[in-house]
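J.: could you work out the structure for the sequence below:
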Amino acid sequence: MLFADYVRMVRGHKGVDWSTQLAPEDLPYLQQRIEPGQWYPMETFERLGLAILRHVALGDLNAVRMWGRFSVDELRAANPTLLAEGDPAETLNRFRVLRSAFFDFEALEIPMLIDGEAHVVIRYHMGNAAEEAASHQTMGFFERLLQLAGATDDLSARFVERTWAGGTRTLLALSWQMKP
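T.: Next comes the predicted model:
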């Protein structure tokens with residue numbers, strides 16, 4: 001699903017000469033139909049993401065984070081049982097199960113989950129710039145998912161560790177209160 005979204009964004013920005021921004025092996029994906037359940041090369045995914053960061057988001061990581069928030073609605077529509085209304089912790093448990101459909105490696109792990117708090121380890125295994133952008137996208141995704149499940153609008157999402165800043169892993173700490 002994410003690969004298809006990336007290709008759709010690139011296709012939508014016709015004013016950019018993508019042949020100068022992407023590797024030759026990436027270009028056929030801009031012409032062919034992208035199958036949501038198909039696996040695509042992670043290297044192409046990374047290059048698409050960096051090109052989108054440069055030419056669509058104009059380097060703005062907050063825009064990337066907002067796109068992560070918007071992507072929840074599409075995932076929810078495709079997976080109606082993802083959301084446990086009124087129960088953010090159960091929603092994150094359901095996401096744990098669904099996560100394996102997105103990557104053929106352990107990109108996201110939720111090692112700690114209790115009512116009102118969770119830790120997400122993010123490992124996309126990309127270069128620093130791409131890892132940082134993808135982590136901000138992931139942050140926005142979890143913020144929106146938790147809000148839809150009943151967390152208050154003032155939930156907290158912060159990076160405790162960051163690989164792109166020299167950390168051994170990227171750790172996203174989430175905490176929330178329930179809406180009254």
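
J.: please count neighbours and contacts with C-alpha atoms only from this point.
T.: Fine.

J.: find the residue closest to the spatially most central residue of the chain in space, skipping its chain neighbours.
T.: When C-alpha atoms, centre = their mean is applied to the chain, the residue found nearest the centroid is residue 138 (3.6 Å). Distances taken as C-alpha to C-alpha, 6 or more residues apart in numbering place residue 68 nearest to residue 138, at 5.9 Å, with adjacent residues excluded.

J.: quick one: pLDDT of that neighbour?
T.: Here the pLDDT value assigned to residue 68 is 93.

J.: and the gap between it and residue 2?
T.: 10 Å (C-alpha to C-alpha, to the nearest Å).

J.: residue 50 now?
T.: Separation of residue 50 from residue 2 (C-alpha to C-alpha): 14 Å.

J.: the two: which has the busier surroundings?
T.: Using other C-alpha atoms under 10 Å as the criterion, residue 50 and residue 2 rank with residue 50 on top: 22 against 13.

J.: next up, the contacts around the closest residue to the more buried one other than its chain neighbours.
T.: What sits nearest to residue 50 in space, not counting adjacent residues and going by C-alpha to C-alpha, 6+ apart, is residue 130, at 5.9 Å. Residue 130 sits next to 46, 49-50 when contact means C-alpha atoms under 8 Å, 6 or more residues apart in numbering.

J.: show me those that map onto helices.
T.: If you go by DSSP state H, the contacts of residue 130 have 46, 49-50 in helices.

J.: can you put the residues you listed in CSV and add pLDDT and distance to residue 146?
T.: Formatted as CSV, those follow (pLDDT from 0 to 100; distance: C-alpha to C-alpha, whole Å):
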residue, pLDDT, distance to residue 146
46, 92, 26
49, 92, 24
50, 94, 27
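
J.: columns distance to residue 37 on top of these, output as CSV?
T.: Shown next, in CSV, are these (distance: C-alpha to C-alpha, whole Å):
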residue, distance to residue 37
46, 18
49, 19
50, 23
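
J.: just to revisit the earlier point, send the alpha carbons of the stretch of helix or strand the residue nearest to residue 138 belongs to over as CSV?
T.: Using DSSP states H and E, residue 68 sits in helix 61-78. Only the C-alpha atoms of helix 61-78 are listed here, as CSV (Å, rounded to 0.1, in the frame of the first residue of the first chain):
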residue,chain,number,x,y,z
LEU,A,61,9.3,16.8,7.9
ASN,A,62,6.1,18.1,9.4
ALA,A,63,4.5,17.7,6.0
VAL,A,64,5.8,14.1,6.0
ARG,A,65,4.3,13.6,9.5
MET,A,66,1.0,15.0,8.4
TRP,A,67,1.0,12.6,5.4
GLY,A,68,1.5,9.8,7.9
ARG,A,69,-1.6,10.9,9.7
PHE,A,70,-3.6,11.0,6.5
SER,A,71,-2.5,7.5,5.5
VAL,A,72,-4.4,6.0,8.4
ASP,A,73,-7.8,6.5,6.8
GLU,A,74,-6.9,4.5,3.7
LEU,A,75,-5.5,1.7,5.8
ARG,A,76,-8.6,1.7,8.1
ALA,A,77,-10.9,1.6,5.1
ALA,A,78,-9.0,-1.4,3.7
